[in-house]
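In: Need coordinates for the below:
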Amino acid sequence: MTFLLVVVMALLAWGIILYNRLVRDRNRVATAWSDIDVQLKRRHDLIPKLVAAVEQYARYERSTLQTIVEIRAEARDTGDVGARGELEKLLGQRLHRLIALAEDYPDLKADQSFLQLQNDLTDTENHIQYARRFYNGAVRNLNTRIDSFPDLLLARLFRFRQQSYFELDSPVEADPPEGFNQ
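Out: Sure, this is the predicted structure:
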């Protein structure tokens with residue numbers, strides 16, 4: 001009887017420890033996503049200023065600017081991590097193109113407010129990259145725990161769900177265009 005009680009207590013303690021680890025990993029994913037979200041909001045706040053600065057010099061690029069504004073609005077309103085990741089990737093590509101357009105407008109390249117916005121955007125992109133790495137690491141840990149025995153038993157019982165990664169499609173997207181890091 002004592003042996004049975006010890007076994008039950010050990011199993012209960014084991015279950016509590018596993019459950020707490022799953023909760024900890026789920027909370028790390030939520031915290032990491034919050035860090036990404038803060039940086040994406042910062043990026044989204046910089047976009048109208050950057051668009052306004054470019055608009056003063058590059059009136060012919062209106063369709064590029066309009067596309068960036070539309071993608072920004074759609075990304076901001078999307079709650080799904082996977083869909084938001086796709087929109088943010090597209091937004092990043094468009095922003096790289098916008099910065100590359102500055103090469104065609106020497107006055108814009110020399111404008112101090114544009115240069116400051118460009119530096120702020122570069123800084124934000126770097127923070128997004130770091131936050132993305134942390135988030136993806138937290139997601140990897142949670143997803144591994146959910147798929148690993150014996151953790152998967154409790155994960156299924158308490159309906160822990162795998163999370164989506166927030167990734168770049170290609171390594172080229174990670175490299176800023178020439179002149180972006182001035």
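In: For Asn181, report the pLDDT, please.
Out: We have a pLDDT of 45 for Asn181.
In: got it, and Ile36?
Out: As predicted, Ile36 sits at a pLDDT of 93.
In: Could you list the low-pLDDT ranges of the chain?
Out: 60, 168-182 (pLDDT under 70).
In: Look through it and tell me its longest helix.
Out: Of all segments of type helix in the chain, defined using DSSP state H, the longest is helix 2-57.
In: Tell me the buried residues in the next helix or strand after that helix?
Out: Once helix 2-57 ends, the next helix or strand along the chain (criterion: DSSP states H and E) is helix 62-77. Going by neighbour count (16 or more other Cβ atoms under 10 Å), the buried part of helix 62-77 is Thr64, Leu65, Ile68, Ile71, Arg72, Ala75. All C-beta spots, glycine's among them, are computed from the backbone N, C-alpha and C.
In: Next up, the contacts around the last one.
Out: Meaning Ala75. Leu40, His44, Arg84, Leu87, Glu88, Leu91 (Cβ atoms under 8 Å, 6 or more residues apart in numbering).
In: Quick check: the fifth one touching Leu40?
Out: Yes: in terms of Cβ atoms under 8 Å, Glu88 counts as a neighbour of Leu40; the distance is 6.3 Å.
In: For Gln163, see how far away Gly137 is.
Out: Gly137 is 12 Å from Gln163, where distance means Cβ to Cβ, to the nearest Å.
In: the more surrounded of those two?
Out: Between Gly137 and Gln163, Gln163 has the larger neighbour count (other Cβ atoms under 10 Å), namely 22 against 14.
In: List the contacts of the spatially closest residue to Asp151 that is not a sequence neighbour.
Out: Distances taken as Cβ to Cβ, 6 or more residues apart in numbering put Arg145 closest to Asp151, at 4.7 Å, once the chain neighbours are dropped. Arg145 sits next to Arg21, Leu22, Asp25, Asp151, Ala155 when contact means Cβ under 8 Å, 6+ apart.
In: neighbours around Ser148, how many?
Out: For Ser148, using other Cβ under 10 Å, the count is 10.
In: swap in the one 4 residues further on?
Out: Leu152 is surrounded by 15 other residues when neighbours are defined as other Cβ under 10 Å.
In: So what touches the helix or strand harbouring it?
Out: Per DSSP H and E: Leu152 is located in helix 151-157. With Cβ under 8 Å, 6+ apart as the test, helix 151-157 has contacts from Gly15, Leu18, Tyr19, Arg21, Leu22, Arg145, Ile146, Phe160.
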